[in-house]
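K.L.:
following is a predicted model, sequence given first.
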Amino acid sequence: AQSVTQPDIHITVSEGASLELRCNYSYGATPYLFWYVQSPGQGLQLLLKYFSGDTLVQGIKGFEAEFKRSQSSFNLRKPSVHWSDAAEYFCAVRTGNTPLVFGKGTRLSVIA
Amino acid sequence: DGGITQSPKYLFRKEGQNVTLSCEQNLNHDAMYWYRQDPGQGLRLIYYSQIVNDFQKGDIAEGYSVSREKKESFPLTVTSAQKNPTAFYLCASSLRTGGLGDTEAFFGQGTRLTVV
């Protein structure tokens, strides 16, 4: 069965610092990979997705992610964090027409 | 504007009562999903439907029921058999491709259900 692991439950970074959120997946074939963001009490918004091709994908709000097949990872990065980036971030995978499988999320706090 | 509408945003019910959460989409998506979110648990799949008049159980279907009579609508009923129904419920939809899975899901704003 597919599974997604986000090792960090909560991360705190200073505004302006760089950010990397980790995501590892377990699946036999290359899945389709997604990062979503959720503000408190809201739905999920897609940040970026990887289907094929270039393993470094760019998303909205200045985020990027890199797919590394050898490490089964799809880590999310941002070079300079803004206070408005404080939210919860979810990594998700799918294959075929199966529903998305989500990690448990990483909560990001941003301090001045 | 196209999107997914969940209603109501907040819902309170007494223990032992059934309650139905609404989800409507005007994106012309074939597939629709219900997820439950609890703190620290991520999103867990309750039910999903890939076409009208068909749906499948997800990982935590016990105590829930759904219907898919129209493409646009996928209501979720939380029955009295659900032992711990208080949670945040998210509805989503996506295109149904030829099996590649290369489509993202779009989410509604969620319904927070509190059972007292």
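P.N.:
Perfect, thanks for sending it.

K.L.:
who are the neighbours in contact with the residue nearest the centre of chain B?
P.N.:
Closest residue to the average C-alpha location of chain B: B:W34 at 2.5 Å, with CA atoms, centre = their mean. B:W34 makes contact with B:21, B:23, B:45-48, B:58, B:64, B:66, B:74, B:76, B:89-92, according to CB atoms under 8 Å, 6 or more residues apart in numbering or on different chains. Glycine gets a C-beta too; all of them are placed from N, C-alpha and C.

K.L.:
A:E15 is in contact with A:W83, correct?
P.N.:
Yes: between A:W83 and A:E15 there is a contact under CB atoms under 8 Å: 5.4 Å.

K.L.:
residues near B:G110, how many?
P.N.:
A total of 22 residues lie near B:G110 under the criterion other CB atoms under 10 Å in any protein chain shown.

K.L.:
now do the shared contacts for A:W83 and A:E15.
P.N.:
What both A:W83 and A:E15 touch, as defined by CB under 8 Å, 6+ apart, is the set A:110, A:112.

K.L.:
neighbour count winner among the two?
P.N.:
For A:W83 versus A:E15, the count of surrounding residues by other CB under 10 Å is larger for A:E15: 14 against 11.

K.L.:
is that one in contact with A:V81, as I believe?
P.N.:
Yes: in this structure, A:E15 is within contact of A:V81 by CB under 8 Å, at 6.1 Å.
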